[in-house]
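**Q** Predicted model and sequence below, questions to follow.
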Amino acid sequence: MAEQFDLPAIIGGSGLQAMPGLDITERVDIDTAWGQPSSPITVGQLGGQKVLFLARHSDEHGIPPHKVNYRANIAALAELGASCVFAFNAVGGISEALGAGSLVVPDQIIDYTWGREHTYSDSSDVILNFVDFTEPYDAQLRAALINAAALSGCDITGQGVYGATQGPRLESAAEIIRMERDGCDIVGMTGMPEAGLAREKNLPYACLALVVNAAAGKSDRLISLEEITQVMAERMPLVNTILTEVCNSTLATQELT
Ligand code: HPA
């Protein structure tokens, strides 16, 4: 049976520090057992649907990927009653088919990050939680994102492997070749441990990724901030439309395989 999302949360990455069109009703300053999230959680109406919004790198985009308190971010959204999470991530494109401007809903992830606080199961006084992570992204949320993109009239790639790197430096060409051999289609710095922590909290989670540059060595140019900024300026309105659409959609009834 189709059912409306109760309280979707959006985590905005680079390029999405605030949600356009969000009619803000409240900003909640919340302290969790894991510390404070990147910024207060914004509560508001997005196209008629109540949503939570969190800027992953803070409202001022000041927190680098390896310093984000992912545990506090996910815990804060869970404590405020989020029923699911749509994460937006700017990424580099590894697969030839995923040029700058491409939109991707990944179905798998490989974690290359290190040294990040990546679990809630890290002390002897909590039950060790060996969560299943075979399918890191929620199939219904992915289907809903793909559907929302279709309704917004845009092409989207409905699967792919997200390689999560440590950053903040970009990768070397050899690192990207290795990731390609591993099966990665896109590369970003914030996909993990966020997805794993959402799973530990039992929060359905999916990612909408925008390719903002060809990954290192995948074009005849070096990666430039100007190019990234230009792609974002062109494509972020579409990302906003898809996120608004998906938050107001009914859950897709058919699971993806
Ligand atoms: N690599 C890692 N993270 C990124 C990239 C990239 O090329 N582009 C945007 N985020």
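**A** Great, that's in hand.
**Q** where does the stretch 1-150 of the chain dip in pLDDT?
**A** By pLDDT under 70, the weakly predicted segments of the stretch 1-150 of the chain are 1-4.
**Q** residue ranges of the strands in it, please?
**A** Along the stretch 1-150 of the chain, counting by DSSP state E, counting those that start in this stretch, strands occupy 8-12, 22-28, 41-46, 49-55, 84-93, 103-104, 108-111.
**Q** The last one close to the ligand?
**A** So that's strand 108-111. No: contact check for strand 108-111 against the ligand, using CB under 6 Å from any ligand atom: none in range, with a minimum separation of 13.0 Å. Backbone N, C-alpha and C define where each C-beta goes, glycine included.
**Q** Would you mind putting the CA coordinates of that strand into PDB?
**A** Taking C-alpha atoms only, strand 108-111 is exported to PDB below (Å, rounded to 0.1, in the frame of the first residue of the first chain):
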ATOM      1  CA  GLN A 108      26.000   0.400  -3.400                       C
ATOM      2  CA  ILE A 109      28.900   2.000  -1.600                       C
ATOM      3  CA  ILE A 110      32.500   1.200  -0.800                       C
ATOM      4  CA  ASP A 111      34.100   2.900   2.200                       C
END
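**Q** What is that strand packed up against?
**A** Here strand 108-111 touches strand 161-164, going by 3 or more CB pairs under 8 Å, 6 or more residues apart in numbering; DSSP states H and E.
**Q** Please identify the pairing partners of the strand it packs on and their relative orientation?
**A** Paired neighbours of strand 161-164 in the sheet (DSSP bridges): strand 108-111 (parallel), strand 186-188 (parallel).
**Q** in the sheet, who's paired with whatever residue of the stretch 1-150 of the chain ends up closest to the ligand?
**A** Nearest residue of the stretch 1-150 of the chain to the ligand (CB to the nearest ligand atom) works out as Gly92 at 2.3 Å. On the basis of DSSP bridges, Gly92 is bridged to Val187, Asn213.
**Q** residues in this structure within reach of the ligand, list them.
**A** 90-92, 165, 170-171, 187-189, 212-213, 215, 223.
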